[in-house]
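Visitor: The following block contains a protein sequence and its predicted model.
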Amino acid sequence: MTKLKIAQLAPIIERVPPKKYGGTERVVSALTDELVKRGHKVTLFASGDSVTSAKLVSVYPKSLREIKMKDLYGPNVWTMLNIGLAYYHYEEFDIIHDHVGHPSLPTANMSPTPVAMTLHGPFTTENKRIFQTLTNPYLISISEAQAKSGPPGLNYIGNVYNGLPMEDYPFSRENEGYLLFVGRISMEKGVHNAIEVAQYLDIPLIIAAKLEAIDLPYFNEYVGPRLSDTVRWIGEVDDAERNRLMSKALAFLHPITWKEPFGLTMIEAMACGCPVIGFNKGSVPEVVENGRSGFVVADIDEMIDAVDHISLLDREECRRYALEKFSAAKMAEGYERMYEKIIEEKKHRAAKKDPKKAAGSAQKGAFIPPMSPVLSLES
């Protein structure tokens with residue numbers, strides 16, 4: 001395809017890639033580096049401590065979690081400046097790929113440069129209306145389940161599954177007999193269900209997960225009292241330790257209680273040869289191939305039965321499946337198709353408009369930048 005000038009706009013909550021937990025930033029990192037490898041000119045708008053092969057532009061030297069900012073997920077000044085800077089330089093790009101989500105929409109909605117927006121979280125009662133109303137960006141889903149959960153009237157362009165550099169993940173044919181949960185301790189992630197399965201089967205469970213203040217009541221009631229020598233919470237771990245745990249686990253448990261748009265830890269576990277047993281909610285049946293890379297189950301009873309039958313699965317086949325379906329290269333190919341489709345559709349729409357208005361910069365819906373730049377990209 002034609003080589004493009006692409007802006008990748010990442011959240012600055014975590015570094016790209018994240019040091020520990022951070023699914024969106026991990027995906028943005030993999031996509032950005034793969035696009036550079038494929039010959040595109042990519043500029044990454046992210047925190048200053050990010051590591052990338054693209055040109056890095058940052059408004060703050062560290063991620064917001066690193067500096068312990070209280071308003072991590074809200075419209076704090078650094079997040080808004082990060083968004084504003086990327087769109088201020090809209091003329092320098094063929095396409096802007098926005099991963100920030102609804103906080104970007106008011107700005108993205110005025111951009112003459114085509115905008116691809118990947119929604120990495122769920123459609124909610126609170127955010128559905130803004131996606132229905134501000135429809136200039138082209139929405140890309142990360143699973144069919146996520147797309148189906150969206151409201152009518154979206155400017156939806158297609159689906160691209162998340163991918164990672166799977167070949168970098170360690171593989172092990174042998175396991176050390178423990179069950180594993182990785183992610184975040186919360187009701188929606190269902191850690192309590194994983195504990196119930198492990199205790200019923202009398203199999204060790206390792207919980208490698210972060211705990212945020214908002215989830216402390218859940219932890220104190222459902223998790224903390226059930227920890228023991230065999231049910232261990234080891235906290236949030238880095239990439240190397242997470243990968244080691246996955247490669248040696250008997251099975252990876254994903255007993256979610258919500259319609260998750262995409263569980264990134266599932267593809268990481270499968271890449272290590274660790275089969276996934278997940279509840280049949282959200283994207284799970286799209287990510288896990290039942291009977292090949294794991295088991296998709298209805299409830300705790302079926303999860304217990306699946307653990308008993310985990311030896312029927314081939315760990316090498318589990319890894320092969322993950323590398324085939326969720327590689328960084330396959331994800332980048334999918335986004336290249338989306339970029340081409342968006343750019344062509346944007347041109348088609350512009351051609352239908354009055355040529356004089358299309359040529360002007362002050363027509364209704366155009367983005368009019370401030371008088372002077374906030375920060376030059378020349379560096």
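Guide: Alright, I've got the coordinates. Please read all numbers here as calculations on a predicted model, not as lab measurements.
Visitor: For the stretch 101-250 of the chain, which segments are assigned as strands?
Guide: 115-118, 138-141, 156-159, 179-184, 205-210, 231-233 (DSSP state E, counting those that start in this stretch).
Visitor: quick one, what contacts the residue lying closest to Ala198 once chain neighbours are set aside?
Guide: In space, and not counting its chain neighbours, Ala198 is closest to Leu205: 3.6 Å by CB to CB, 6 or more residues apart in numbering. Any C-beta I mention is one placed from the backbone N, CA and C, and that applies to glycine too. Leu205 is in contact with Tyr178, Leu179, Leu180, Phe181, Ala194, Ile195, Val197, Ala198, Thr230, Val231, Arg232, Leu253, counting by CB atoms under 8 Å, 6 or more residues apart in numbering.
Visitor: which residues does the fourth one contact?
Guide: Meaning Phe181. So Phe181 contacts Val191, Ala194, Leu205, Ile206, Ile207, Ala208, Ala209, Phe252, Leu253 (CB under 8 Å, 6+ apart).
Visitor: could you redo the last one with a cut-off of 7 Å?
Guide: By CB atoms under 7 Å, 6 or more residues apart in numbering, the residues touching Phe181 are Val191, Ala194, Leu205, Ile207, Ala209, Leu253.
Visitor: first to last residue in stretch 225-237, what's the distance?
Guide: Taking CA to CA, to the nearest Å, the first and last residues of stretch 225-237 lie 22 Å apart.
Visitor: Show which residues not belonging to it make contact with it.
Guide: Outside stretch 225-237, the residues touching it (CB under 7 Å, 6+ apart) are Lys20, Tyr21, Ile195, Ala198, Gln199, Pro204, Leu205, Ile206, Ile207, Ala208, Ala209, Lys210.
Visitor: pretty sure the second one is touching Ala208, no?
Guide: No. With contact taken as CB atoms under 7 Å, Tyr21 and Ala208 are classed as non-touching, separated by 9.7 Å.
Visitor: picking up where we left off before, need the max-distance pair from the contacts of stretch 225-237.
Guide: Lys20 and Gln199 (27.0 Å; CB to CB).
Visitor: ok, the residue lying closest to Lys41 once chain neighbours are set aside to Val57 distance?
Guide: Closest residue in space to Lys41, ignoring its immediate chain neighbours: Lys5 at 4.7 Å, by CB to CB, 6+ apart. Distance from Lys5 to Val57, counting by CB to CB, to the nearest Å: 13 Å.
Visitor: Which of those two has more residues huddled nearby?
Guide: Between Lys5 and Val57, counting by other CB atoms under 10 Å, Val57 is the more crowded of the two (21 against 13).
Visitor: what helix or strand does Lys330 sit in?
Guide: helix 328-352 (DSSP states H and E).
Visitor: Good, wrapping up.
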